[in-house]
Every structure is written in structure tokens, then in C-alpha cells.
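Asker: Take a look and give me a structure for this.
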Amino acid sequence: MFGTVAGICTAAMGVVDRGTQIVLLAVSVVLFLLGLAALVRVRTYARWLAGGWRWSRRHPVLVAAVTVVALTATTAGVVGLQRARSCEDPTEVAVMVPEDGATGFADVADAFERDSVTAFSCPRYHVTTYAVGWPALRAAFASGWAEAPDGRTEASLDLGPRPDVWIAESEAQADIVAAEGLGQGFAYAARPVVAGTPLVLAVPERHADALRATTEQGDTVRELVDAAGAADLDVVRANPDTSFAAALHTVSLYAEADADAETLELDLGRALEQVGLPLGTDGALLCRLAELSGSEPPRVAVLTTERAMVDAGAACPASGADGGHAALVPFYPGSTSGLDYTAVRLDWAGAPAERRSRGAEAFVEWLGSSAGQGVLDRAARVRGLAGRPPSGPDGPLPGLQDAPAARPRENLVAYTRVLSAEKQYRTARRPARVLALVDASASMARPADGDRSRIDVAERGVLGALGHLSGSDEVGIWSFSGAAGSSPREVLELTASEAARGAAPDGLATVRPEGATPLYDAIDAGTSYLAGLDPDGAARRHLTALVVLTDGENHPGAGPGAELTADDLVRAARAADAAGVRVYVVAVGEASCQVSDLQRIAAEWHGECWDSSFGELDGTLGTLFGQLGGR
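Answerer: Numbers count the residues shown, from 1 in each chain. Okay, here's the model as predicted:
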């Protein structure tokens, strides 16, 4: 009988919901065990049951309490499971966050999800965060995330969905987007400031006392930079085209009445090359500095933000940056601004989504609440609206114990001043000298997407990227393939002439993919050529870069140069102290920065290796040439 009942319970599980299934399973197990005991030892079972009955009659209060607890727990469990089964799908909210500090802001979004769970563990919101750099999001907003005829975005990058909320780094940043993107299908529904981080000059701890002796509270950023130079420290700054924090620093530096912007940019650029630091974002710069910081850190002071200084170690790859950044001490300019993180809630034309809009509104309101402010402090390491420095479990983070209060929105910079400094930087920056090396080996004849071959996509990407170079920049194009002894070959002579650049399409059209891939020989030839153009590195005025586009690893043919290895290129970089030449590698197809020596080679030549796909190649090359040429 017991087995029959258990079987009925088990069979019933196939037609009921999950909560009832669990209860029926428990009943089935109990009935089976009771039936087995009755069949095997009926008398023992009967005596045990009779004894249990007598004991329960002597302890009625205890039995009643256990029964109530068991029934309550079972009922709550079943109700909870039923509720979970009937939860509505969570509201999707897309949040675009800054490229620098993306991990911390993603943690903030996760905390909002947890805080918004209902009493029955139903998730109300699912927040997707994605990081986008300043130049890319600027272009995407200008196009309104519109799709081009070929299905790609006008910005030529697969950035992600249209954001419901954009965590802008500054009100000025949001103003620039609004000014440049009017009529492009979006409007600001709300844009409250929710946090901030001040601009700082980060100085190695061992040199901080020397700087304190020659500075005082209230010094301008230019006075701090001059004091650092007097203390024999090189001052570096991220690329203002890539980093909005660097752009704000540039506004302050150019504001000095006697500022010589061209000399300033030349000094900042030389300092980056002398130490071997990359162009680009604050995070990339500080991570590389951490890698170089051993027992004797470089004598470098960094114009950056408080957040980037204290958070760089968490954002760095595990391959080397082990906390060297912690030895930096912040100096706060007395009259400078900072980043004031603004939660911009966006309304997109033609995209009605009431639930998403309510979810975005809830997220923005939560950021301003006490719970949200606490998470911004701990996870994103930014200052809340109260202006206190970010803290850890034991109080202020190391180096920030004596940091002054700095509320967001203090000393705001008008977006028109940012645009003005941006225009001035275009004139003052060092001119670029760029040599593009294009892989023309046999594999580049393979299909890339649709009817286009890999070489067609590469040629289109290179030609499009030339638009990021101005008339003061020099550019040349070489191709490499076949035997190392007969490669590389000139496609476009290094020139600053706009008319001469017009020959680039015809020159690239003559390139025919064939033969092997003498990659290392081509890099060696390119770096040697560029270094030889200006052997006096101290007098170098140009930002000189070799950009290598390849779809494979080094497979040289015969001839001189075929024996070159990655170690040879590394030794060449160290022997020449990089000779003012940077190497950037764009790896597509079978090439990979992660599983080859390309990343190591690029780093030794003070550049970077970027993985890309053929579908994203236009955008990748555009971003890279934009960093070099500033357009």
C-alpha cells in the first residue's frame, strides 16, 4: 500500500509545479521508508510507534511547537517557490559607464539589483553595464546610434545597445554631447550629479616631501607641474582626446597667462616616451607605470584623478601590475576642477519602453540615496555628494587621510572652455609621423565578410584612418609579404602632403596578397627607418609610430631578416631606448595579442597591441589613428 501511494505521488510530479513537486517528493520518500520498516520489522515498528505516542503525550507543548515550526517552514517554502515561479521578468536597464573605472561602476549596478529584490526574492531589474571610451561614445551620440545601410553603426563600432542611463564623467561632457548631437534622436530626461573625483598631481611617495617643501595649499596645477620639474620629476598626462580628465587638466594648464601650449605638449610627450608610458587613458598610463615600478620607481608625476590613482591596481591586468600605484601621493591644485559623475537618463525617439524608463528612473534615484552613495564610495572609489574621500573598511584609503574635502560640482568648467582648449590642443600637440605596415601575405586573400577579402577590408580601414591625421602630420604605407629579403615594399612615401596622400588608394589597389608573412623583419625595417629619420632623440618633435596590421604570426620566407625573433625585436627596443618610436599592432584573423609575442613587442616599443575583428577593423584603426593624430 505504501509503495502504491509513493508511486502515485511520484507520478503526480510530472503534472504539477515545482513547489508541489518538492512536497510530493518528500512525502514519497517518507511513505517508502515507513512501508519498508513495516514490511521488514513490523513488531519493532509497532513498539517504536507506541513508545513515540506515549512520549508525545507526556510532552504536548514541545510537540506542538515543533509541529507549528515545521508547518510554517513548509508553507513559507512552498509559497516562496510559488512566488518565485510567478515572478515577472525583471526590467532590463542598459547603463553606459566610463571606460576608466568601469569595473567599479559595474559593481554599483550589481548592488542596485540586489537592493531592488522583492520580499519574495523576485528580481525587479536586470542592469547591463558596458564601458565606452569618450571618443567612441561621442561619435555614437552624434549619429544617434543610427544604423548605416550596411547594418553597422555610423560610429563604426559595435558599442552596445542604446543606453537608458549614461554615467557621464562630467556635466561638461554631457553638454558637449547635447551640443553636438541635437536632433539625433535622443533627449535628456534627467541629469543629476551623483558623485565626483578631484583632479590631482600624483607623485611617488619617496619624492612627496621634496614637493611639499616647495609648494603650498592653493597652488595652481601649473605651479605644481613646475615644482615637480624642479624636483627632477617628469610630468605626464593621458591623451586629452581619449581621457576627459586629461582634457580638464589641459584646460587648467592652458589657462595660465604665460602658457606656451606647444612647448608644454612637447615636454609632456617627451616625458611619456622617456619613461616608456603609453598614450591613451589614465588607466592604461597608471597600469604601465605600476608595471615599471620596482625597487626604484620612475621619477614620474602623473596628472590624473583621485579615483584613477587609488583604483588603478584593481583595474590593471594581473600580468605585472601588483600595486606599485599605491606608492603615489596626491597633490590637489587649489583652483582646479574635477570629474563630476552625472547620471544622464535618456529618452530615445521612436523607442517607447515605459518599463525601461521607470527602471532607469529608479536606478538614478537610488544612486542619490544613502545606499547608493555608500556603494559609490566603496565600489567605484569616488566621492559622494558629501565630498568626503573614498574609504575602505578601516577609514580613508591610503594616502587620502589628509585629503581636503571636495564636493562634486565645485569649480565647474563650462563645456565651451573644454571645446576651446580642445581646439588649442589640435594646434599645440606634436605632429604625428605614422608609418602603416599592411600584411599582404597569402592569407589576406581569404574572405573577410560577404564578398570582401581581408585585404579589401584592411585597405578600406587604413584609408579611412588617414582622415584622423591633419595636414601637419606625416604618413606612409608599406606592405609586407613573401621572402624577408624582398619585403617590405613601399606603397606610399612618408609625406605630409595632402596631394600625395591622394595616391594612397591607387597604391593600395596594386597590392596582391601572396607568399609568407615576414612579420618580424617588417617591424625591424619599419622601426629602423623611423628611428633613422631623427637620430637625435632629445630633439624629436614628432610623435612617431609604426602601426602594424597583420592576420597571422611571423612566418618568414628566405633571405636576410628571416632569422629574426621576438627577442631580437625586444633587445632592439631596449638598445635604442625605443628611439622615440612607438609600435602599435592591430591583430585580426588568426593573429592574437594574447597568445603571441606581439603584445610584448609592442609594450617594449612603448605602444600597444589591439585585438580586432574584420567587422570592427574600421573603428579600431580610426580610434588608433585618432589617438595619434588628434582628430
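
Asker: measure residue 197 to residue 244 for me?
Answerer: 12 Å (Cβ to Cβ, to the nearest Å). C-beta coordinates here come from the backbone N, C-alpha and C atoms, glycine included.

Asker: While we're on residue 79, how confident is the model there?
Answerer: The model reports residue 79 with a pLDDT of 53.

Asker: What about residue 608, how many residues nearby?
Answerer: 21 (other Cβ atoms under 10 Å).

Asker: and what of residue 556?
Answerer: Residue 556 - counted by other Cβ under 10 Å - has 22 other residues nearby.

Asker: Isn't it up against residue 522?
Answerer: No: using Cβ atoms under 8 Å, residue 556 makes no contact with residue 522, being 9.3 Å away.

Asker: ok, back up a step: quick one: common contacting residues for residue 197 and residue 244?
Answerer: Common contacts of residue 197 and residue 244 (Cβ atoms under 8 Å, 6 or more residues apart in numbering): residue 339.

Asker: what secondary structure does residue 266 sit in?
Answerer: Here residue 266 is recorded as helix under DSSP: H, G, I helix; E, B strand; the rest coil.

Asker: how near is it to residue 260?
Answerer: Per Cβ to Cβ, residue 266 is found 9 Å from residue 260.

Asker: do residue 469 as well
Answerer: The gap separating residue 469 from residue 260 is 24 Å, by Cβ to Cβ.

Asker: count of residues packed around the residue found closest to residue 279 once you drop the neighbours it is linked to in the chain?
Answerer: Of all residues beyond its chain neighbours, the one nearest residue 279 is residue 239 (4.8 Å), with distances taken as Cβ to Cβ, 6 or more residues apart in numbering. Neighbourhood size, residue 239 [other Cβ under 10 Å]: 24.

Asker: Assumed residue 239 was part of a helix.
Answerer: No: assessed by three-state DSSP, residue 239 does not belong to a helix; its assignment is coil.

Asker: Any stretches of the stretch 51-200 of the chain with poor pLDDT?
Answerer: Applying pLDDT under 70 to the stretch 51-200 of the chain flags residues 51-53, 55-59, 61-63, 65-66, 68-86, 146-159, 181-184.

Asker: So which residues of it form strands?
Answerer: For the stretch 51-200 of the chain, applying DSSP state E, counting those that start in this stretch gives strands covering 91-98, 125-132, 165-168, 186-190, 193-204.

Asker: right, and these - which one's nearest residue 361?
Answerer: Evaluated over these, closeness to residue 361 peaks at strand 186-190, with 7.5 Å, by Cβ to Cβ.

Asker: Quick one: end-to-end length of stretch 471-491, please.
Answerer: Taking Cα to Cα, to the nearest Å, the first and last residues of stretch 471-491 lie 19 Å apart.

Asker: average model confidence for it?
Answerer: On average, stretch 471-491 scores 89.

Asker: okay if I get the strands of the stretch 51-200 of the chain as a markdown table plus mean neighbour count and distance to residue 447?
Answerer: Below are the strands of the stretch 51-200 of the chain laid out as a markdown table (neighbours: other Cβ atoms under 10 Å; distance: least, Cβ to Cβ, whole Å):
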| stretch | mean neighbour count | distance to residue 447 |
| --- | --- | --- |
| strand 91-98 | 23 | 33 |
| strand 125-132 | 19 | 29 |
| strand 165-168 | 26 | 37 |
| strand 186-190 | 16 | 37 |
| strand 193-204 | 26 | 47 |
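
Asker: Compare these and give me the one nearest residue 613.
Answerer: Among the strands of the stretch 51-200 of the chain, the nearest to residue 613 by Cβ to Cβ is strand 125-132 (17.0 Å).

Asker: hmm, who's touching the closest one?
Answerer: For strand 125-132, the external contacting residues (Cβ under 8 Å, 6+ apart) are 90-99, 102, 105-106, 109-110, 112-113, 116, 140, 159-161, 359, 362-363.

Asker: and with 7 Å instead?
Answerer: 90-99, 102, 105-106, 109, 112-113, 116, 159-160, 359, 362-363 (Cβ atoms under 7 Å, 6 or more residues apart in numbering).

Asker: Quick check: the gap between the spatially most central residue of the chain and residue 241.
Answerer: Centroid-nearest residue in the chain: residue 99, 3.8 Å away (criterion: Cα atoms, centre = their mean). The gap separating residue 99 from residue 241 is 13 Å, by Cβ to Cβ.

Asker: can you map out the helices along the stretch 351-500 of the chain?
Answerer: Per DSSP state H, counting those that start in this stretch, the stretch 351-500 of the chain carries helices over the ranges 354-367, 370-375, 415-428, 454-465, 498-501.

Asker: Deepest-packed of those helices, please.
Answerer: Of all the helices of the stretch 351-500 of the chain, helix 454-465 carries the top mean neighbour count, a mean of 22, counting by mean count of other Cβ atoms under 10 Å.
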